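In: Could you work out the structure for the sequence below:
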Amino acid sequence: MVMYWVALLAISILIYLLLDGFDLGIGMLFGAAGGESQRDAMLSTVAPVWDGNETWLIVTGVIMWGSFPVVYAMVMSAFYIPVVVMLLGLILRGVAFEFRGKALSSRWVWDVSFVVGSFAASFMQGAMVGALVEGLQFSNGDYTGGTLGWLTAFSALCGIGLCFGYSLLGACWLVRKCDGPVRDAARRQIPPLAIGVLVFLVIVFAYALVEHLPILQRWTDRPYLFVFPVIGAGAAAMLAKSILRHDDYWPFHMVALIFVAAFATLALSFWPYMIPFVVTIDEAAAPHASLAFMFWGAGLFVFPLMLLYVAIGYRVFRGKAAPAADHY
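Out: The predicted model follows:
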């Protein structure tokens with residue numbers, strides 16, 4: 001039963017990364033749009049799905065709270081500030097998305113808010129992942145790292161790196177969903193964003209070597225982890241090929257595959273810990289009775305229905321987005 005909820009938690013996080021990832025990426029690219037018509041076209045590609053994408057963050061939080069309450073309490077103690085800033089950024093994005101369609105003279109305010117909220121949420125997510133990789137200070141289950149213990153040069157670097165990654169995912173989504181100037185501009189943005197992601201990965205790996213981060217020992221102990229970087233490299237090669245061929249379909253799928261490979265690498269490097277080298281999965285799990293109770297409701301019915309809803313939603317809105325209209 002524990003492994004079932006571990007699997008659902010992993011699936012929820014991965015779905016959130018992919019779906020809200022391109023959503024946040026488009027938000028960050030929003031400020032570089034060439035004009036009002038291009039910004040409207042960019043929003044039209046996410047208008048039917050953006051709020052549903054963010055639902056998976058709630059699902060992740062609920063699963064962690066119900067199935068792994070020890071981790072939920074410890075992580076929230078460490079990440080109180082970045083979580084609050086992330087949520088404020090997501091709220092600001094939602095408000096800006098709705099208000100800019102009705103505003104006239106103040107529309108620029110909501111455009112800026114949409115960009116700022118996207119950057120804030122993306123950076124904080126990356127910084128939290130970086131802090132987990134680098135290691136947080138706990139003593140007897142209590143966080144002892146201080147108010148800003150999560151904020152280091154490494155975690156800030158990871159925040160910047162995730163901003164590049166989400167932006168790359170967003171640019172590929174625009175290539176897939178748009179035509180004309182928006183697609184052409186997004187295609188031009190992909191190479192520099194991809195280079196930015198590559199530079200980030202090189203710097204992170206070099207930092208891990210210099211600082212002797214414990215997570216590197218996992219690569220020595222588990223050589224099968226090298227399979228995932230190979231998959232990511234293959235996807236990157238296919239991404240470059242699809243861009244050179246002006247293919248609209250494959251870039252997004254290749255970047256999504258890179259995200260999946262990176263997520264699998266990180267998750268299996270953490271295994272069997274929920275908080276790296278602090279709390280294991282078994283130590284973090286709720287009592288069996290609680291897990292079983294949730295299984296017969298949320299696990300067996302609600303979660304599959306959510307997956308079905310997402311699949312149907314993206315099936316209905318497949319293909320190129322319609323010309324910009326009133327999606328608000």
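
In: Flag every buried residue along the helix or strand hosting Arg183.
Out: Per DSSP states H and E, Arg183 falls inside helix 180-211. Buried positions in helix 180-211, judged by neighbour count with 16 or more other CB atoms under 10 Å: 182-183, 185-187, 189-190, 193-194, 196-197, 200-201, 204, 207-208. Where you see a C-beta, it was placed from the backbone N, CA and C, and this is true even at glycine.

In: what does the average pLDDT come to for it?
Out: Across helix 180-211, the average pLDDT comes to 90.

In: The host helix or strand of Gly130: which residues count as buried?
Out: Gly130 is located in helix 107-134, with elements delineated by DSSP H and E. For helix 107-134, the neighbour count (16+ other CB under 10 Å) marks 107, 110-111, 113-134 as buried.

In: elements contacting it?
Out: helix 2-29, helix 80-99, helix 153-177, helix 250-270 (3 or more CB pairs under 8 Å, 6 or more residues apart in numbering; DSSP states H and E).

In: and the next element down the chain from the helix holding Arg183?
Out: Next in sequence after helix 180-211, counting helices and strands by DSSP H and E, comes helix 215-221.

In: What residues of that next one count as buried?
Out: By 16+ other CB under 10 Å, the buried positions in helix 215-221 come out as 215, 218.

In: cool, and stretch 155-165?
Out: In stretch 155-165, counting by 16+ other CB under 10 Å, buried: 155, 157-165.

In: try stretch 21-33
Out: Within stretch 21-33, the residues that count as buried by 16+ other CB under 10 Å are 21-30, 33.

In: where does the residue of the chain most remote from its centre sit relative to Ala240, distance-wise?
Out: Distance from the C-alpha centroid of the chain, by CA atoms, centre = their mean, peaks at Ser105 (33.0 Å). According to CB to CB, to the nearest Å, Ser105 and Ala240 sit 44 Å apart.

In: try Ala292
Out: Distance, Ala292 to Ala240, using CB to CB: 48 Å.

In: same question, Phe200
Out: 17 Å.

In: What of Val255?
Out: 11 Å.

In: same thing with Trp296?
Out: Note on Trp296: its distance to Ala240, by CB to CB, is 48 Å.

In: ok, now Val210?
Out: 29 Å.

In: again, but for Gly117
Out: 31 Å.

In: higher neighbour count, Val255 and Ala240?
Out: Neighbours per residue, other CB atoms under 10 Å: of Val255 and Ala240, the larger number sits with Val255, 29 against 15.

In: which secondary element of the chain has the worst mean pLDDT?
Out: Using mean pLDDT, DSSP states H and E, the weakest-scoring helix or strand in the chain turns out to be helix 215-221, at a mean of 81.

In: Show the average pLDDT along whichever helix or strand comes after that one.
Out: The element immediately downstream of helix 215-221 (helix or strand, assigned by DSSP H and E) is helix 227-244. On average, the pLDDT along helix 227-244 is 93.

In: In helix 227-244, which residues have enough neighbours to count as buried?
Out: So for helix 227-244, counting by 16+ other CB under 10 Å, buried means 228-229, 231-232, 235-236, 238-239, 242-243.

In: Identify the farthest-apart pair in those.
Out: Greatest spacing in the buried residues of helix 227-244, by CB to CB: Phe228 and Ile243 (22.5 Å).

In: count of residues packed around Val49?
Out: Per other CB under 10 Å, the neighbour tally for Val49 reads 18.

In: Now it. Nearest residue, chain neighbours left out?
Out: In space, and not counting its chain neighbours, Val49 is closest to Gly313: 6.2 Å by CB to CB, 6 or more residues apart in numbering.

In: chain center to the host helix or strand of the one you found: distance?
Out: Using DSSP H and E, Gly313 sits within helix 303-316. How far helix 303-316 lies from its chain's middle: 19 Å, per CA atoms, centre = their mean, to the nearest Å.

In: cool, stretch 295-304 as well?
Out: 24 Å.

In: can you check stretch 56-68 too?
Out: Centre-to-centre, stretch 56-68 and its host chain are 15 Å apart (CA atoms, centre = their mean).

In: which intervals of the chain have sub-threshold pLDDT?
Out: Within the chain, the set of residues satisfying pLDDT under 70 comprises 322-328.

In: 80 instead?
Out: Low-confidence segments of the chain (pLDDT under 80): 34, 101, 103-104, 211-212, 216, 321-328.

In: Next one: Ala73 from Val129, what distance?
Out: Applying CB to CB, the value for Ala73 to Val129 is 19 Å.

In: My error: substitute Ala186 in the last question.
Out: 26 Å.

In: and if you look at Ala262?
Out: 10 Å.

In: ok, now Met254?
Out: Distance from Met254 to Val129, by CB to CB: 22 Å.

In: Leu132 touches Pro276, doesn't it?
Out: Yes - with contact defined as CB atoms under 8 Å, Leu132 reaches Pro276; the gap is 6.0 Å.
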